[in-house]
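Asker: From the sequence below, what's the structure:
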Amino acid sequence: MKMPQRDAVNGRSVTLYEPPAASFPRRCRNRYAVGSQTPGLTRNPDGSLDILIRADEPKRLATNWLPAPAGTFSLIFRACLPTPALLDGPWRVPPLTEAP
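Answerer: Numbers count the residues shown, from 1 in each chain. Now for the predicted structure:
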């Protein structure tokens with residue numbers, strides 16, 4: 001997931017939940033969310049942030065890794081102090097894409 005720089009939201013996060021009870025996954029190393037306030041994240045040159053959501057630890061950008069179960073899960077995007085770009089519609093939550 002690629003989150004843009006602060007043009008639409010001042011603070012943002014992605015939290016992972018596991019069905020059926022919408023609980024935090026048990027084996028995910030006590031890291032259930034990644035967001036703009038997470039310490040140590042690696043940003044892209046344009047200020048955006050790549051969040052790697054996967055079961056196994058990635059070789060690159062491990063600081064931006066959100067551990068996920070191998071099965072089904074849900075993601076919740078939270079926006080704190082959204083700007084008009086998010087509230088009025090021109091900005092949308094970026095789609096999930098498969099990393100190469």
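Asker: residues in contact with the residue positioned nearest the centre of the chain?
Answerer: Most central in the chain under CA atoms, centre = their mean is Val14, positioned 3.7 Å from the mean C-alpha point. Contacts for Val14 (CB atoms under 8 Å, 6 or more residues apart in numbering) come out as 1, 3, 33-35, 51, 53, 66, 75-78. Quick note: C-beta positions are derived from backbone N, CA and C, even for glycine.
Asker: which ones among these are found in helices?
Answerer: The helices in this structure, assigned by DSSP state H, contain none of the contacts of Val14.
Asker: With distance to Pro90, pLDDT and neighbour count added, can I get those in a markdown table?
Answerer: As requested, the contacts of Val14 are exported to a markdown table (distance: CB to CB, whole Å; pLDDT from 0 to 100; neighbours: other CB atoms under 10 Å):
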| residue | distance to Pro90 | pLDDT | neighbour count |
| --- | --- | --- | --- |
| Met1 | 19 | 66 | 19 |
| Met3 | 16 | 66 | 23 |
| Ala33 | 26 | 82 | 17 |
| Val34 | 24 | 85 | 24 |
| Gly35 | 22 | 80 | 20 |
| Ile51 | 22 | 87 | 21 |
| Ile53 | 25 | 88 | 18 |
| Leu66 | 26 | 87 | 22 |
| Leu75 | 22 | 87 | 16 |
| Ile76 | 22 | 84 | 11 |
| Phe77 | 16 | 86 | 14 |
| Arg78 | 19 | 83 | 12 |
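Asker: my guess is Ile76 contacts Thr15, does it?
Answerer: Yes. Counting by CB atoms under 8 Å, Ile76 sits close enough to Thr15 to count as a contact (4.8 Å).
Asker: and the residue lying closest to Arg43 once chain neighbours are set aside, how many neighbours does it have?
Answerer: Ranked by CB to CB, 6 or more residues apart in numbering and with sequence neighbours excluded, the top spatial neighbour of Arg43 is Leu49, at 5.6 Å. Leu49 has 22 neighbouring residues, counting by other CB atoms under 10 Å.
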